[in-house]
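J.: return atomic coordinates for the entry below.
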Amino acid sequence: MNNNDDEIEAYLDAPCQLSPQLKAFSPTQVHRDINQPNPHKVPGYDLIDGTVLKTLPRKSILLLTFIFNRMLRLCYLPVQWKYAQILMNAKPGKPPTEASSYRPISVLPIMSKVFERLLLCRLDETMHIDGLLPIHQFGFRNNHSTIKQSHKVVNKIKESIEGKKTYPSVFLDIQ
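T.: Numbers count the residues shown, from 1 in each chain. Alright, predicted model coming up:
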């Protein structure tokens, strides 16, 4: 390697200054996440589906792991992975002539979904270890469903009524 190659390698290995240190992905994790997608789901515009990924040889999985780790280190997501194919699904029992009778579904490339799942695992680990998310944060978290939040609110209201206190709350329903 010449001197420029060493500089480039050092730059690529340097973490982003303002980003938290995220642990690199292992080939085992990439292989596990590649085998996770349903092979019968609609592929993105690149026409790569789950069956193609499941048949990749070990060498290809190692290359994907290398690419994903570089993306993580450089905080970069390829622009092509951001484009979605929009499919319109008809709602049952609605007139087909109205726009509100259809439900849009965005289909992203499967490689984008695999990287997203891997990254989500890393971010979840960081959030739980560092305690960045408060315990009352229920949105977009595993094992924190709307039903659990509803039970929590109902219990707080019940405790307030039993203690002859008020429990101010605001409920917003957006359709």
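J.: so where do the strands sit in this protein?
T.: Listed in chain order, the strands of the chain (DSSP state E) span residues 85-90, 102-107.
J.: export the first one as CSV, just CAs?
T.: This means strand 85-90. The C-alpha coordinates for strand 85-90 follow below in CSV (Å, rounded to 0.1, in the frame of the first residue of the first chain):
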residue,chain,number,x,y,z
GLN,A,85,-41.7,2.1,-4.7
ILE,A,86,-45.3,3.2,-3.8
LEU,A,87,-48.0,0.5,-4.2
MET,A,88,-51.7,1.4,-3.8
ASN,A,89,-53.7,-1.3,-1.9
ALA,A,90,-57.5,-1.0,-2.2
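J.: contact partners of that strand?
T.: 42, 44-45, 96, 101-107 (Cβ atoms under 8 Å, 6 or more residues apart in numbering). In this view, the C-beta of every residue, glycine as well, is placed from N, C-alpha and C.
J.: residue 95 contacts residue 101, doesn't it?
T.: Yes: the criterion here is Cβ atoms under 8 Å, and residue 95 meets it with residue 101 at 5.7 Å.
J.: packing partners for the helix or strand of the chain with the lowest mean pLDDT?
T.: For the chain, counting by mean pLDDT, DSSP states H and E, helix 3-13 ranks last in confidence among helices and strands (a mean of 72). With contacts defined as 3 or more Cβ pairs under 8 Å, 6 or more residues apart in numbering; DSSP states H and E, helix 3-13 has these neighbours: helix 58-74.
J.: buried stuff in the helix it packs on?
T.: 61, 64-65, 68-69, 71-73 (16 or more other Cβ atoms under 10 Å).
J.: burial measure for the nearest residue to residue 114 once chain neighbours are set aside, as a count.
T.: Excluding the flanking residues, the one nearest residue 114 by Cβ to Cβ, 6 or more residues apart in numbering is residue 33, at 5.2 Å. Number of residues near residue 33 (other Cβ atoms under 10 Å) recorded here: 20.
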